Structure formats: structure tokens, C-alpha cells
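Visitor: Need coordinates for the below:
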Amino acid sequence: RITKQLPASLILIFFYTQSESPVVVVLSGSMEPAFQRGDILFLDNSKEQVGVGDVVVFKIKDRDIPIVHRILKLHQEDDGSVELLTKGDNNRVDDRGLYAPGQLWLNREDILGKAVGTLRYVGMVTIALNDYPVLKYVLVGLMGLFVLTSKEG
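Guide: Coordinates of the predicted model:
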């Protein structure tokens with residue numbers, strides 16, 4: 001019964017948060033001390049406005065992994081559009097070196113969402129499975145062994 005409700009719940013979460021990735025794991029220490037490696041962040045992208053000091057998750061063109069950093073500066077264009085400059089709390093310089101070649105600012109469309117909640121260290125499982133791929137096979141093997149050895153009845 002839970003599995004039948006899960007897809008509807010996920011659709012509801014995506015619709016409500018308007019984020020293609022409403023849950024992310026912090027993969028580096030660039031946001032310490034605010035967020036530690038392995039923290040899970042919950043994102044909301046339903047509000048257009050973001051401001052200086054907001055922690056956002058953004059995606060850079062031609063890169064697969066989103067980045068979690070804080071908005072350092074806003075730049076308003078004459079047409080009303082807003083450009084953003086970000087920086088990791090634990091980094092010495094802003095993120096211009098991380099952006100796509102020739103890109104000096106992020107656009108609002110680059111933002112996947114604003115961090116609105118966190119679960120400390122729960123994402124360490126994901127990091128461990130990515131850092132040590134053999135753990136995936138061990139885990140799958142243990143689950144298979146459990147299924148084969150369990151008795152119904």
C-alpha cells in the first residue's frame with residue numbers, strides 16, 4: 001500500500017516545491033560550519049525571490065552535480081531580471097571560478113531551490129556508497145542473502 005502512495009507523494013513534493021531536486025546531500029565541506037558533509041537539505045523553489053544570505057542549490061551548465069552555496073551579492077538588470085553571485089561559507093573567494101567559462105553571475109533559472117530544512121549527517125550513507133562502490137555490492141549481496149534465507153510463514 002505504501003508503494004502505491006509513494007509516486008503520488010513524490011509528484012506532490014515536486015509540484016509543491018517546484019524543484020527538480022527537492023532533496024540534496026551536501027558533498028563537501030565548503031559550507032561549514034552551517035552545513036556539514038553528509039547533511040541532507042530540503043529545497044523549495046516555489047518562491048521567485050531569493051536574497052543575499054540565502055543558501056541555494058544551483059546547477060552549472062555542463063556539470064552533473066549541483067552546488068550548495070550562499071548568495072553573496074545580487075545584481076539587478078535594467079529589465080528587472082536578477083543575477084546572483086554565490087560563495088561557500090568555508091571558501092576564501094566567490095564562485096566565479098566554478099561557473100561556466102565566461103559566466104560571471106548566475107541567473108534565477110540556475111537555482112534548483114533554496115534550503116529550507118536539514119537532516120544532519122543522514123546523507124553519509126549516500127556519500128559512503130559513492131566513495132566506496134564495493135559497499136553497494138556488499139549491501140545488495142546482503143539483501144539478496146536475507147531474501148533467500150528468510151522463511152515465510
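Visitor: number of nearby residues for the residue nearest to Val55 when sequence neighbours are not counted?
Guide: Nearest non-adjacent residue to Val55, counting by Cβ to Cβ, 6 or more residues apart in numbering: Ala115, 4.2 Å away. Yep, even glycine has a C-beta here, placed from its N, CA and C like the rest. By other Cβ atoms under 10 Å, the residues close to Ala115 number 21.
Visitor: Look at Ala115 and tell me its secondary structure.
Guide: strand (DSSP: H, G, I helix; E, B strand; the rest coil).
Visitor: In this model Phe42 seems to touch it, though I could be wrong.
Guide: Yes: taking Cβ atoms under 8 Å as the definition, Ala115 is a contact partner of Phe42 at 7.2 Å.
Visitor: give me the low-pLDDT residue ranges for the chain?
Guide: Applying pLDDT under 70 to the chain picks out residues 1-18, 153.
Visitor: The residue positioned nearest the centre of the chain and Leu139, how far apart?
Guide: Of all residues in the chain, the one closest to the mean position by Cα atoms, centre = their mean is Val24, 3.0 Å from it. Distance, Val24 to Leu139, using Cβ to Cβ, to the nearest Å: 22 Å.
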